[in-house]
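Participant: sequence-free structure coming up:
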């Protein structure tokens, strides 16, 4: 009954199922692993103290930025140089912008420093001036932003002096010096009151840590891949069952082999049978009429036998009006009697129909 599984068509279906199910299971397991990693990193972050409360270290000792060093206080010394505004940043459910200055260090590289946040639009904002001379800043270390970071504007087309993403890859095209692949945000307003109007920007959690929306997306993808694997198995079982039932019906004679072709042939045969059924009806009608004509001819012949006894006129006889029968007035061969005429008419009617 299941020999159809060895046909070329079913070889292709079986190969697809054999490859699809392990692939779906693998992808579901991988997504589940990503979710578990995020859960573990979230638990570890809760057990560790707040990075901003730990002792500050020089910037070079904390680079490169990872999940451990992100948020740690970093110390850097230098002088402020170029200034940029970063629009489209939200703080306390209000729209505003960051004020970012480049701190040029003794190493020749510059460190982006977010001095604070201001509400409103960055186009016509009055920004407090940065401190002059050499300064030492202590700020929470952050990794360079990317296209997936919150608040990043990757559309471009910003006015001069504005920046859509705090990243070394972006800043290196705007300044003539090297830039650290990191940035710091000042946790407190600057001394001296020059930046007192700006609010400090809190450090963000490192990307890929914590139970954020992406973590639950991984959990949702896990369920989807396992559902796909179950659906493939269900459809294969359903196709096998339907094919087996069809083969069993053919074996039992409930459905003739090649039923579809038989349906088409039966349709064509029904048309031919309809035409054949109409033919005998016509032939039977013609036969009936021929029989009727034959009956009329027999009656006509009887009349012809009786007619000459009293109605046959001698040659050259005259009618009471004195008109002599012409030669052409003699009854023609086909009109010698009513029986002969009826016979001819019946024959013509039968042949015409």
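Facilitator: That came through fine. Note that the coordinates shown come from a computational prediction; the quantities given were computed from them, not determined experimentally.
Participant: C-alpha from now on. contacts and neighbour counts both.
Facilitator: OK.
Participant: looking at this, residue 75 is in a helix?
Facilitator: No: assigned with DSSP: H, G, I helix; E, B strand; the rest coil, residue 75 falls outside any helix and is strand.
Participant: need phi/psi at residue 170.
Facilitator: phi -90, psi -40 (degrees, to the nearest 10).
Participant: gap between it and residue 107?
Facilitator: Using Cα to Cα, to the nearest Å, one gets 20 Å for the distance from residue 170 to residue 107.
Participant: pick out whichever of those two has more residues nearby.
Facilitator: residue 170 (15 against 8; other Cα atoms under 10 Å).
Participant: pLDDT at the more buried one, what is it?
Facilitator: pLDDT for residue 170: 92.
Participant: can you tell me how far it sits from residue 104?
Facilitator: Distance from residue 170 to residue 104, by Cα to Cα: 17 Å.
Participant: excluding its backbone neighbours, what's nearest residue 67?
Facilitator: residue 206 (5.7 Å; Cα to Cα, 6 or more residues apart in numbering).
Participant: next, residue 118: secondary structure please.
Facilitator: At residue 118, secondary structure determined by three-state DSSP is strand.
Participant: just list whatever residues bridge to it.
Facilitator: residue 97 (DSSP bridges).
Participant: surely it meets residue 100?
Facilitator: No: counting by Cα atoms under 8 Å, residue 118 stays clear of residue 100, with 11.3 Å between them.
Participant: show me the strands in the protein, by range?
Facilitator: Under the criterion DSSP state E, the chain contains strands at 57-58, 73-91, 94-105, 110-119, 134-142, 183-185.
Participant: would you turn those into CSV with distance to residue 150?
Facilitator: Below are the strands of the chain laid out as CSV (distance: least, Cα to Cα, whole Å):
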stretch, distance to residue 150
strand 57-58, 27
strand 73-91, 9
strand 94-105, 13
strand 110-119, 15
strand 134-142, 13
strand 183-185, 16
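Participant: burial-wise, tell me which of the ones you listed comes out on top.
Facilitator: strand 183-185 (a mean of 27; mean count of other Cα atoms under 10 Å).
Participant: what does the model give the residue nearest to residue 67 for pLDDT?
Facilitator: Looking at residue 206, its pLDDT is 77.
Participant: since we're on it, how many residues are nearby?
Facilitator: With other Cα under 10 Å as criterion, residue 206 counts 16.
Participant: quick one: it from residue 54, how far?
Facilitator: Using Cα to Cα, one gets 16 Å for the distance from residue 206 to residue 54.
Participant: point out where this structure drops to low pLDDT.
Facilitator: 1, 45-46, 48-49, 52, 190-196, 208-211, 255-353 (pLDDT under 70).
Participant: what about the residue nearest to residue 181 when sequence neighbours are not counted, how many neighbours?
Facilitator: For residue 181, ignoring the flanking residues on the chain, the nearest one in space by Cα to Cα, 6+ apart is residue 168 at 5.2 Å. For residue 168, the count of nearby residues is 21 (other Cα under 10 Å).
Participant: kindly report the same for residue 154.
Facilitator: 13.
Participant: over to the one 5 residues further on?
Facilitator: The local packing count at residue 159 equals 10, with neighbours defined by other Cα under 10 Å.
Participant: check residue 230 too.
Facilitator: By other Cα under 10 Å, 15 other residues sit near residue 230.
Participant: which ones are touching it?
Facilitator: Taking Cα atoms under 8 Å, 6 or more residues apart in numbering, we find residue 230 in contact with residue 21.
Participant: and the gap between it and residue 237?
Facilitator: According to Cα to Cα, residue 230 and residue 237 sit 11 Å apart.
Participant: equivalent analysis for residue 75, please.
Facilitator: Distance from residue 75 to residue 237, counting by Cα to Cα: 65 Å.
Participant: do the same with residue 172
Facilitator: Taking Cα to Cα, one finds residue 172 at 59 Å from residue 237.
Participant: same thing with residue 117?
Facilitator: To residue 237, residue 117 is 61 Å away according to Cα to Cα.
Participant: residue 185 now?
Facilitator: Distance, residue 185 to residue 237, using Cα to Cα: 60 Å.
Participant: now do residue 162
Facilitator: 61 Å.
Participant: the more surrounded of these two?
Facilitator: residue 162 (20 against 12).
Participant: any idea what that one is bridged to?
Facilitator: Taking DSSP bridges as the rule, residue 162 bridges to residue 85.
Participant: hang on, isn't it packed against residue 85?
Facilitator: Yes: between residue 162 and residue 85 there is a contact under Cα under 8 Å: 4.7 Å.
Participant: now do the shared contacts for the two.
Facilitator: Each of residue 122 lies in contact with both residue 162 and residue 85 under the rule Cα under 8 Å, 6+ apart.
Participant: all set, thanks.
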